[in-house]
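Asks: generate a structure from the sequence data that follows.
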Amino acid sequence: MLPRLFISARLRSALKACVAGGFIFVGANIYFGSERFYDEIFMPTLRYIDPEKIHHLSIQMAKHGLVPQMKSVDDPILHSTVWNREFKNPIGLAAGFDKNGEAIDGLSKFGFGFIEIGTITPKPQSGNEKPRLFRLTEDRAIINRLVIKQRNIWLFFFFHLPKFHFFFKLWI
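Replies: Sure thing, here's the model as predicted:
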């Protein structure tokens, strides 16, 4: 009979190999932007997790570049001009998704024509009490009561604006 220590070491090694294989599988599918992976595995799995945690996770993933990059090029017919501002396409990300401007780099990989950051206020706000996001599964909808929980405007300018001043025009 094999010693107990030998068996537990083999089980730990097998578990580590499975976890590593899982990370490689998920990472490769995210990197290559597999739609089937997103539709059949990734998104259904996320629906079992608290929506607010998923929102935080998505910001962190975009912040660290763990998002699929759009491989398509915007058709020139999509170029838009609004109030003397040029946009490569008319699809944008509204304010409220990235309240603190943490994931601007990652979100820009999604192919948005523009990205709104904030809402940014002069003083930090605490926001509403939890839970603030509710899923309506039958309606395929979410109720969002996050309000404005973020840092203040001075922290935003200090930490985020310097690295983007060449790429983005500040529009207040």
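Asks: now do the strands in this structure.
Replies: Assigned strands in the chain, in chain order: 80-82, 85-87, 92-93, 114-115, 133-136, 141-144 (criterion: DSSP state E).
Asks: just put those in TSV and tack on mean pLDDT, distance to Tyr31 and mean neighbour count.
Replies: Just so you know, the C-beta spots here come from the backbone N, C-alpha and C atoms, and that holds for glycine as well. Listed next are these as TSV, based on pLDDT from 0 to 100; distance: least, Cβ to Cβ, whole Å; neighbours: other Cβ atoms under 10 Å:
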stretch	mean pLDDT	distance to Tyr31	mean neighbour count
strand 80-82	87	30	11
strand 85-87	85	27	12
strand 92-93	88	21	14
strand 114-115	85	22	18
strand 133-136	84	28	13
strand 141-144	82	27	12
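Asks: quick one, which of those strands is nearest to Ala28?
Replies: Of all the strands of the chain, the one in closest proximity to Ala28, counting by Cβ to Cβ, is strand 92-93 (25.9 Å).
Asks: that closest one pairs with which strands, parallel or anti?
Replies: For strand 92-93, the paired strands and their directions (DSSP bridges) are strand 114-115 (parallel).
Asks: quick one: the strand it pairs with to chain centroid distance?
Replies: Put simply, strand 114-115 sits 14 Å off its chain's centre (Cα atoms, centre = their mean, to the nearest Å).
Asks: could you do stretch 74-93 as well?
Replies: What separates the centre of stretch 74-93 from the centre of its chain is 22 Å, taken as Cα atoms, centre = their mean.
Asks: could you do stretch 58-66 as well?
Replies: Remark: stretch 58-66 is offset 5 Å from the chain centroid, using Cα atoms, centre = their mean.
Asks: got a list of contacts for that stretch?
Replies: The set of residues external to stretch 58-66 that reach it, using Cβ atoms under 8 Å, 6 or more residues apart in numbering, is Gly27, Ile30, Val67, Phe97, Asp98, Glu102, Ala103, Asp105, Gly106, Leu107, Lys109.
Asks: if anything else comes up later, I'll come back, but that's it for now.
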